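Asker: A predicted structure for the sequence below; I have some questions about it.
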Amino acid sequence: MSSHDIEAEEISGRMGATAVAGAQWKVPPQELVPSSDDRLVESTAPVIVPTPHGKFAMRAWAFADGTEHISATAVPDDYPTNAGAQLEFNALIRGSEPHAVRVHSECATGDLFGSLRCDCGPQLEQGLDILQGLGGTMLYIRNHEGRGIGLTNKLRAYALQDVGLDTVDANLALGLAQEARDFRQTAVILKEMGLTHIRLVTNNPFKKETLEGLGITVDRLIPDEIEPNASNQKYLNTKRDRMSHKLSSS
Ligand SMILES: Nc1nc2c(ncn2[C@@H]2O[C@H](COP(=O)(O)OP(=O)(O)OP(=O)(O)O)[C@@H](O)[C@H]2O)c(=O)[nH]1
């Protein structure tokens, strides 16, 4: 056992971690997660935003607790940017196959700064490409930072990971849920968009189970797996081995 391992064990014990190292983590029922306010107070009409991943029709979704999320629906390059776009936008989300959706949880370190500690940034970019190919929608969920524990706690958890704990035990050592994301606002947005039967772009079966519990039928999962790097390899292994993510990384 390395000195890092000893220190991590001591920290874990001091802070009351209950997980057995290497044990499979069990997803808590959604109702046990601290919940946000799921009253939608405003949604905007779509506006066309060109990106390096193609054009997207973006909308803002504002909830009573002050959270604002973004939806981005892929549109063809020649899609009109004028005010009359809304009628055609509605046609875009009706295909023969269930609409492809990625529900991407905010990760400021990965999505904005390109952190190599996680797979979030590359998954966001690849997800946009996948959705552009399928004509699907990205929901960027902004109160999900750190799997719902927030940015401050995520960085605290990183400090514990630096002394040997994995991503699951680090959250538990802080006395926090390993999974604290509330998907009720996500389900509200999907229902408002008429997307109650979808294909979900994710490696995480928990998202499917949770959305289905909230009234969204998930036809199947479409993988969004990225090539591991030296900095996120352990994190991805933990996702696969302890959090049931469908990943081949090793
Ligand atoms: N607490 C904690 N959160 C992390 C860590 N690394 C990344 N995250 C957060 O994990 C979340 C990952 O979100 P997603 O990529 O949408 O979802 P996922 O559960 O990884 O599943 P996929 O759909 O396959 O990507 C983001 O909110 C990140 O901020 C970590 O080490 N600790």
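Answerer: Yep, that arrived. Numbers count the residues shown, from 1 in each chain.
Asker: centre of the chain versus stretch 104-118, how much separation?
Answerer: Here the centre of stretch 104-118 is set off from its chain's centre by 11 Å, with CA atoms, centre = their mean, to the nearest Å.
Asker: For that stretch, list the C-alpha coordinates in CSV.
Answerer: This file holds the C-alpha atoms of stretch 104-118, laid out as CSV (Å, rounded to 0.1, in the frame of the first residue of the first chain):
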residue,chain,number,x,y,z
HIS,A,104,-25.4,16.8,-20.6
SER,A,105,-24.7,17.7,-17.0
GLU,A,106,-22.7,20.9,-16.4
CYS,A,107,-19.0,20.5,-15.8
ALA,A,108,-17.3,23.9,-15.7
THR,A,109,-13.9,22.4,-15.4
GLY,A,110,-14.3,20.0,-18.3
ASP,A,111,-16.8,21.8,-20.6
LEU,A,112,-15.2,25.3,-20.3
PHE,A,113,-11.6,24.7,-19.5
GLY,A,114,-11.0,21.4,-21.2
SER,A,115,-10.0,19.6,-18.0
LEU,A,116,-8.4,16.2,-18.8
ARG,A,117,-9.5,14.8,-15.4
CYS,A,118,-12.9,13.8,-16.7
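Asker: Quick one: mean pLDDT for it?
Answerer: For stretch 104-118, mean pLDDT rounds to 98.
Asker: List of residues touching that stretch?
Answerer: Here stretch 104-118 makes contact (CB atoms under 8 Å, 6 or more residues apart in numbering) with 119-121, 123-124, 127, 138-148, 151, 154-155, 158, 181, 229-232, 235. Where you see a C-beta, it was placed from the backbone N, CA and C, and this is true even at glycine.
Asker: Tell me if that stretch is near the ligand.
Answerer: Yes. With CB under 6 Å from any ligand atom as the measure, stretch 104-118 is seen reaching the ligand through 104-107, 118.
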